[in-house]
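> Output the structure for:
(one chain, ligands or ions: 2)
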Amino acid sequence: MPISAWGERGRQAAQAIAARGVPVSLGRIAVLLVLQESPSRHTTAEQLCRAMMESPYQTALSTFRAGIYELTESGLIWRVTLPAGSHAVTHYYEMADCPAHEHLFCTGCHRLEEVFDEPLLAMQRACLAAQGLRPAHVRSALVGRCKACAAQA
Ligand SMILES: [Zn+2]
Ligand SMILES: [Zn+2]
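Ligands and ions are numbered 1, 2, ... in the order given. Alright, predicted model coming up:
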């Protein structure tokens, strides 16, 4: 299927991918389009795969899944890691289309709350850089209670 089959949005996604120096493929374009159209900003790989299968952006599941990881590597999408109890971690993905931010996962309503504190993050980056460390495009979420849930307790 030619990339033009997905219209202007597909073309824009292809450009964004190429701009990062990542080879353009249907799988990677599909990841961007599905993530852009996702009703919730933070979604898991499983949710994205399900959304892809119900979307017009059909690609092989393995290609699509690989695309999620490749775009995370390239910094086009961000991964937010959430410690999910003692046994596992959950990964959420989101478009890297706004300023970098922290996340707080609310244990009351199970939502990811975004916390924007650019000075803090800039300081973090500077500290790491000063020590020659380069963090990946992956952030761990803080765990706690959102404002509404904290007010109920
Ligand atoms: Zn809450
Ligand atoms: Zn976020």
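
> What parts of this protein come near ligand 1?
Within the chain, the residues that sit near ligand 1 (C-beta under 5 Å from the ion) are Cys106, Gly108, Cys109, Cys146, Cys149. For glycine as for every other residue, the C-beta is placed from the backbone atoms N, C-alpha and C.

> can you put those in a markdown table and add neighbour count, pLDDT and secondary structure?
Putting these into a markdown table (neighbours: other C-beta atoms under 10 Å; pLDDT from 0 to 100; DSSP: H, G, I helix; E, B strand; the rest coil) gives the following:
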| residue | neighbour count | pLDDT | secondary structure |
| --- | --- | --- | --- |
| Cys106 | 18 | 92 | strand |
| Gly108 | 13 | 92 | coil |
| Cys109 | 12 | 92 | coil |
| Cys146 | 17 | 95 | coil |
| Cys149 | 16 | 96 | helix |
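
> what about Thr81, is that helix, strand or coil?
strand (DSSP: H, G, I helix; E, B strand; the rest coil).

> Next, count neighbours for it.
By other C-beta atoms under 10 Å, 14 other residues sit near Thr81.

> same check, this time on Thr90
When neighbours are counted by other C-beta under 10 Å, Thr90 registers 15.

> Check it and give its pLDDT.
pLDDT for Thr90: 87.

> Ok, Pro2 next?
Looking at Pro2, the pLDDT reads 54.
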